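Student: after the sequence you'll find the predicted model.
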Amino acid sequence: MTGTLKRLLTFSAIAGMGLAFVGSAFAAETLDQVMKRRGLTEKDVLAAAKTYTPTGGRDEFIVFSSGGQSGQVLVYGIPSMRILKYIAVFTPEPWQGYGFDDESKAVLAQGRIDGKDINYGDTHHPAISETNGELDGEWLFINDKANPRIAVIDLKDFETKQIVVNPIMKSEHGGAFVTPNTDYVIEATQYAGPFTNDYVPLSEFNEKYRGAVTYWKFDREKGRIDAAKSFSVELPPYSQDLSDAGKLDSDGWSFTNSFCTERYVGGIESGRPPFEAGCSQKDTDFLHVINWKKAAELVAAGKAQRINDHDVLSIETAVAEGILYLIPEPKSPHGVDVSPDGKYIIVAGKLDTHASVYEFSKIKALIDAKDFADKDPYGIPILDLKKSLHTQVQVGLGPLHNQYDSKPCVVYTSIYVDSQVTKWDYCEGKVLDKISVHYNIGHLMSMEGESTKPKGHYLVSLNKLSIDRFNPVGPLHPQNHQLIDISNDKMELLYDMPLPLGEPHYATAIAADKLQPKVRYQTGWDSRTDQKSEFRTLPGRERIERTGDGTVHVYGTLIRSHITPEIIDVEEGETVSLHFTNVERAQDETHGFALRAHNVNLSVEPGKTVSATFKAEKAGVYPYYCTEFCSALHLEMQGYLLIRPKGVAAEGAALKEGQVYAEEDYTKQVKTNTDTQAVIDSVVEYITQRNFKDFPTVVALVEDATDQLNFAADAKKKMEDFAGAKDWQNATLWAQQWFQYQVKAADIGLRAKTYLDQNGAKVVGK
Ligand code: CUK
Ligand code: CUA
């Protein structure tokens, strides 16, 4: 038996026995002793038990959190609060190769504004796609407040597929929120601006600056937003804020609140009172109530204007057709959240201690009866506040956002100034419980709390400040997401999680079993367009081709432990277009590709094909290598890009290393390989005698091992050819390569064997 294999086999045997020894050599601490040493109370230990997830364990819920100004989405599990992934969205991210390969650069390029790359985003509100008002776990949308944009993320591979730039807005905030069947993704303006892209002086603010709500049409079949079928409704320059789509009883309507309906424009530099003073003069702002279903029909009937190649329903048309209404809402509102049954709309006002519960049936009755209290300066009917309200409840100082419980009538509101969460009953209009959080909570999130079927159990408080909660790391503090148990009458704080990347605003949680992401791509896949890549290639078909336009196309493959080709030889001035396919079928065998001095850094997951195109500008030597520690010979997963000066001929493979091996080395290596093969055969026999086909994980491992053995056969053939010619040097090298493939196959085989042992596989066919 070979040394490597012996080690592998012995290792698994020891691992199996390991547990028997624990406890005999050292006396382990008891729970009481640990509690004493770490100063833990019984309550702490209970909280730990509610969140601790043993190795290999899974979470019940998966959270998609905005990454704030990092322009990313953070993914973590509940109740463990373990971070699982950062999804690159608006910002280049090297680990995922995002913004470094041609395919993802094309996605980022969709987000250009006036031809300029915008390499960050200020993400606020993620939204999971819905079917009949329930989260379905297929798609994720997120907005960029700073550069009005929406991104589409596919939850089959957690990759960003599309970015759309809002054609008329200059600023936004109220997105992304989806309609109950994800027909539309809602995006609402924040700071008003002219719809056109030219200069308009602030003196024309009331006349020419506008807000809007854009309804982005989502084509579920294509998995992309269809900009041509999207439209907007023009709104006054009222600083629109958060939005929510109606559901069930209120389906077909959407709600957007606003602040600064004073239309005040600051200017402290010229002696004017600032925005913050002027924008809070009135006692109320406006909730915008829009019939989006009817708006879509009006657009289809040709009633929209075309502005920047985009359909916009004017205020005038919206008023004439009866699809746009306003209702006063208490001072500086922020969150607007439709209840799970669609009957109520709760608005929390930052400068008011109340949360206001509007009742949709009352709103609808007033609209149907044309019972209006007033009109705004743009002619939009205003409904009476009192007549639209179900109730108002004093919830605390600075209420912001609301999330629903699985229990009927129960809602949680974040209280910014008091640093609290208030649990209250919106049917009866009474406060049920309060809990302090640390500190200055913004959004809060309950499990599927924005859907028609909230799941209860947990709530996360997304705090703006963490001040004294963690070990200090300098003036820029991490964010603090606090996990709260809401399964009982009293809320219980369970866990603080520091988030070290951007300021997350909103987050959304979904039952983990609703997500079914894939583990690998179909071989040769362009993950950004979701099609077979025209640049894919297969093992044995790797090639370098020059096209008439001076481009050198490199069609390569990556597999443990080599990059093919290993030498790329080009001339100064040529354009190089690398195309690498990861031909692994194994899980989690990602290879990277990093090349010196060309800003090329790729992540190539199993099956994926990615490209990188650049100009070979400067003659020189540029090593490249795999950046993922993928196998024992990962460091040998390397190569050279040689850029020759103009006119210097390629050297070919005339390398002059010494003759190291003689015939006896060859014979020895062949003997090793033959012994190794016997071990592999015994593992194969072990697996095939069992019902391994009942275990998808093992089937994948067997496929992977089969790949490796096919490569082994190929190397063996080359070895035999060289041996036939008595070239012992090359024959021995190929014998060693054959051995490398055997080791990988054996490693995979042992993993499969262990899995079968641990998962109760049965002997079959006997
Ligand atoms: S959020 Cu965007 S300002 Cu309260 Cu929804 Cu933080
Ligand atoms: Cu592939 Cu390291």
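Tutor: On my side now, so go ahead. None of these values were measured; they are calculated from a predicted model. Ligands and ions are numbered 1, 2, ... in the order given.
Student: quick one: residues contacting the closest residue to Ser466 other than its chain neighbours.
Tutor: Residue nearest to Ser466 in three dimensions, not counting chain neighbours: Asn480, with 3.8 Å by Cβ to Cβ, 6 or more residues apart in numbering. Just so you know, the C-beta spots here come from the backbone N, C-alpha and C atoms, and that holds for glycine as well. Taking Cβ atoms under 8 Å, 6 or more residues apart in numbering, we find Asn480 in contact with His438, Tyr439, Asn463, Leu465, Ser466, Arg469, Phe470, Asp496, Met497, Pro498, Leu499.
Student: which among these count as buried?
Tutor: His438, Tyr439, Asn463, Ser466, Asp496, Met497, Leu499 (16 or more other Cβ atoms under 10 Å).
Student: still on that earlier bit, in strands, which of the contacts of Asn480 fall?
Tutor: Asn463, Asp496, Met497, Pro498, Leu499 (DSSP state E).
Student: stretch 499-514 spans what distance, first to last residue?
Tutor: 25 Å (Cα to Cα, to the nearest Å).
Student: picking up where we left off before, can I get the buried ones among the contacts of Asn480 in CSV with pLDDT and distance to ligand 2?
Tutor: What follows is these, written out as CSV (pLDDT from 0 to 100; distance: Cβ to the nearest ligand atom, whole Å):
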residue, pLDDT, distance to ligand 2
His438, 96, 42
Tyr439, 95, 44
Asn463, 97, 40
Ser466, 96, 37
Asp496, 98, 36
Met497, 97, 31
Leu499, 95, 30
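Student: show me the domain layout of this structure.
Tutor: In the domain annotation for the chain, the residue ranges read 166-394, 525-644, 663-758 (automatic domain parsing).
Student: Lys43 is nearest to which of those domains?
Tutor: The closest of the domains of the chain to Lys43 is domain 166-394. By Cβ to Cβ, the value is 29.5 Å.
Student: interface residues of the stretch 351-500 of the chain facing ligand 1?
Tutor: Taking Cβ under 6 Å from any ligand atom as the measure of proximity, the stretch 351-500 of the chain contacts ligand 1 at Leu400, His401, Gly442, His443.
Student: tell me the contacts of the third one?
Tutor: Contacts were defined as Cβ under 8 Å, 6+ apart; by that measure Gly442 touches Leu400, His401, Ser414, Tyr416, Leu462, Asn463, Lys464, His505.
Student: want to throw the domains of the chain into TSV with mean pLDDT?
Tutor: TSV is the format used below for the domains of the chain (pLDDT from 0 to 100):
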stretch	mean pLDDT
domain 166-394	96
domain 525-644	95
domain 663-758	92
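Student: those domains into a markdown table, with extra columns for mean neighbour count?
Tutor: Shown next, in a markdown table, are the domains of the chain (neighbours: other Cβ atoms under 10 Å):
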| stretch | mean neighbour count |
| --- | --- |
| domain 166-394 | 20 |
| domain 525-644 | 18 |
| domain 663-758 | 18 |
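Student: go ahead and confirm Asn730 touches Phe722.
Tutor: Yes - counting by Cβ atoms under 8 Å, Asn730 touches Phe722, with 4.2 Å between them.
Student: select from the residues of the stretch 351-500 of the chain next to ligand 1 every entry located in strands.
Tutor: Filtering those for strands - DSSP E - leaves Leu400, His401, Gly442, His443.
Student: who wins on neighbours among those residues?
Tutor: Using other Cβ atoms under 10 Å as the neighbour criterion, His443 leads those with 26 neighbours.
Student: and the gap between Asp433 and Gly396?
Tutor: 12 Å (Cβ to Cβ, to the nearest Å).
Student: quick check: closest non-adjacent residue to Thr189.
Tutor: Gly211 is the one closest to Thr189 (Cβ to Cβ, 6+ apart), at 4.0 Å.
Student: and the helix or strand hosting the one you found, how far out from the chain middle?
Tutor: Using DSSP states H and E, Gly211 maps to strand 211-219. Computed by Cα atoms, centre = their mean, to the nearest Å, the chain-centroid distance of strand 211-219 equals 21 Å.
Student: elements contacting it?
Tutor: Counting contacts by 3 or more Cβ pairs under 8 Å, 6 or more residues apart in numbering; DSSP states H and E, strand 211-219 packs against strand 184-188, strand 224-235, strand 240-245, strand 253-258, helix 292-300.
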